[in-house]
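Q: I'll drop the sequence and a predicted model, then ask my questions.
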Amino acid sequence: YPNYCCHTGSLSDSTVRVSSIRDVEMFQVYLCLCVLEDDIRSVQQELFPLCVMLYPSLRVSWKLVQDMLKIMGWDMHDRLPADNMATFLPYLRTLTEMFSCDVFQEG
């Protein structure tokens, strides 16, 4: 995403890069929490509302979030044994559905 720019700058800016990595890690932590709790509610009640509240004002593209989830899923698929991936997959699918364009329309 060489031309992507949010409220605080481009992805090549070190501050934006650090906060973007933190966001990806936050999604990974919430995904792991869902698996550990065997429940998606933490994402529904905490992560999703936070993103809906903050991302538009920070000009974070919803499409960027969707692409990040796809890439995260493919990376997990490439690195995890099939049985471990099967554990994460239902939660990853639900997360992807929650953050879809059908749910959140960018203006």
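A: Structure received.

Q: the longest helix anywhere in the chain: how far from the chain's middle?
A: If you go by DSSP state H, the chain has its longest helix at helix 14-37. On the basis of CA atoms, centre = their mean, to the nearest Å, helix 14-37 sits 7 Å off its chain's mean C-alpha point.

Q: what's the first helix or strand after that helix?
A: Counting by DSSP states H and E, the element after helix 14-37 in chain order, helix or strand, is helix 41-42.

Q: okay, now the unreliable bits of this protein?
A: By pLDDT under 70, the low-scoring segments of the chain are 1-7, 103-107.

Q: quick one, strands of it?
A: Secondary structure of the chain (DSSP state E): strands located at 5-6, 9-10.

Q: now the farthest one out in this structure, which residue is it?
A: Using CA atoms, centre = their mean, the residue of the chain lying farthest from its centre is residue 83. It sits 22.3 Å away.

Q: so how far is residue 89 from that one?
A: Counting by CB to CB, to the nearest Å, the gap from residue 83 to residue 89 is 11 Å. (Glycine included, C-beta is placed from N, CA and C.)

Q: same question, residue 24
A: 19 Å.

Q: could you do residue 21 as well?
A: Taking CB to CB as the measure, residue 21 falls 24 Å from residue 89.

Q: again, but for residue 11
A: To residue 89, residue 11 is 28 Å away according to CB to CB.

Q: with residue 62 instead?
A: 22 Å.

Q: of the two, who's got more company?
A: Shown here are residue 62 and residue 89; by other CB atoms under 10 Å, residue 62 has more neighbours (18 against 15).

Q: wouldn't the more buried one be in contact with residue 99 here?
A: Yes: Residue 62 is within contact range of residue 99, at 7.0 Å (criterion: CB atoms under 8 Å).

Q: can you give me the neighbour number for residue 40?
A: Neighbour count of residue 40, defined by other CB under 10 Å: 19.

Q: separation between it and residue 12?
A: From residue 40 to residue 12 the distance is 34 Å (CB to CB).

Q: same question, residue 62
A: On the measure of CB to CB, residue 62 and residue 12 end up 21 Å apart.
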